[in-house]
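*Asks:* need a structure here:
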Amino acid sequence: VVYDTGGDETARHEAIGRPADAPVLGLKLALDVPSGGTGTGGALVLDGEDTAMVRASLVDTRTQALISTSEPAIVTFEVLSGPGRLKGVGNGDPNDHTVPTGDTVPTFAGNARAFVQVNVDATRAHRDLIEQIDVDGGGRTKVFVGDCAASGLAVPIAIRATAVLGDTTIVVDWSDAIPISCSVEEDGWEAAARATATNGSFTYMEAFAG
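*Replies:* The predicted structure is shown next:
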């Protein structure tokens with residue numbers, strides 16, 4: 001605030017900030033993979049292997065700015081519905097020893113991530129042989145031999161993230177978090193590579209001898 005010699009206010013400037021240990025106000029979910037912004041395509045393919053990376057960020061709900069708290073929040077991820085399973089978690093902290101195949105991880109620099117893998121194979125070749133050979137399979141990955149596009153299997157995977165910091169608990173559900181596709185041609189890894197390429201004359205190397 002600026003005052004003149006008579007004591008009247010002549011100007012005012014406000015700078016809004018927040019201390020590092022202020023309460024967490026919000027939890028924001030985003031999809032890092034697949035994403036056009038990261039050059040990783042627009043959907044997971046139902047091949048039993050394709051994997052998404054979901055990011056949970058502590059944010060100030062007034063500004064959506066990322067918050068790095070003095071103590072980490074503990075974030076737990078789960079798959080609510082859709083053809084997916086939680087594959088693991090991570091946060092980018094080289095000193096963190098959280099079990100990577102679990103469902104819970106502390107935030108690092110305000111972020112935590114979950115890896116979600118499709119649990120249905122409805123697109124790869126020779127699925128009929130896989131179904132015959134692996135007669136005890138299907139518990140972890142379901143093999144679907146019919147027409148994937150007509151099956152109704154390609155529905156989005158829904159995610160829940162729960163963050164706990166002190167006495168504060170925040171739960172966020174994302175119903176259409178991860179898009180799913182039956183088309184390897186449109187959404188497979190080669191399609192993602194082509195979509196981000198600037199030189200359309202490239203080819204993939206089949207073998208190398210040297």
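*Asks:* give me the nearest residue to the residue most central in space within the chain, chain neighbours excluded.
*Replies:* Relative to the mean C-alpha position of the chain, the nearest C-alpha, by Cα atoms, centre = their mean, is the one of V54, at 1.2 Å. Counting by Cβ to Cβ, 6 or more residues apart in numbering, the nearest residue to V54 once its immediate chain neighbours are dropped is A114, at 4.7 Å. Any C-beta I mention is one placed from the backbone N, CA and C, and that applies to glycine too.
*Asks:* swap in S175?
*Replies:* Leaving aside its chain neighbours, S175 sits nearest to A158 (4.8 Å; criterion: Cβ to Cβ, 6+ apart).
*Asks:* before we move on, what about E131?
*Replies:* Nearest one to E131, counting by Cβ to Cβ, 6+ apart, is V143 at 4.9 Å.
*Asks:* likewise S81?
*Replies:* In space, and not counting its chain neighbours, S81 is closest to A158: 4.5 Å by Cβ to Cβ, 6+ apart.
*Asks:* quick check, the one you found in contact with L80.
*Replies:* Yes. Taking contacts as Cβ atoms under 8 Å, A158 lies within contact range of L80: 4.0 Å.
*Asks:* need the residues touching each of the two.
*Replies:* By Cβ atoms under 8 Å, 6 or more residues apart in numbering, A158 and L80 have these common neighbours: D173, S175.
*Asks:* so V171 bridges to which residues?
*Replies:* Using DSSP bridges, the bridge partners assigned to V171 are T162.
*Asks:* let me know whether it touches V164 as I believe.
*Replies:* No. Applying Cβ under 8 Å as the test, V171 and V164 come out as separate, 9.8 Å apart.
*Asks:* so what are the sheet partners of whichever strand or helix holds the residue nearest to the centre of the chain and their directions?
*Replies:* Using DSSP states H and E, the element containing V54 is strand 51-60. Note on strand 51-60: by DSSP bridges, its sheet partners are strand 26-33 (antiparallel), strand 65-66 (antiparallel), strand 111-118 (antiparallel).
*Asks:* what is the least confident helix or strand in the chain?
*Replies:* Sorted by mean pLDDT, DSSP states H and E, the helices and strands of the chain end with strand 2-3, the least confident at a mean of 74.
*Asks:* could you dump stretch 63-70 to CSV, C-alpha only?
*Replies:* What follows is stretch 63-70, C-alpha atoms only, in CSV (Å, rounded to 0.1, in the frame of the first residue of the first chain):
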residue,chain,number,x,y,z
THR,A,63,-5.2,-21.3,-9.1
GLN,A,64,-4.7,-25.0,-10.0
ALA,A,65,-1.0,-24.3,-9.3
LEU,A,66,1.1,-27.3,-8.2
ILE,A,67,1.8,-27.6,-4.5
SER,A,68,4.9,-29.1,-3.0
THR,A,69,4.2,-29.7,0.7
SER,A,70,6.7,-29.9,3.5
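*Asks:* show the average pLDDT along that stretch.
*Replies:* Stretch 63-70 carries an average pLDDT of 80.
*Asks:* list the buried residues of it.
*Replies:* Neighbour-count burial for stretch 63-70, counted by 16 or more other Cβ atoms under 10 Å, picks out I67, T69.
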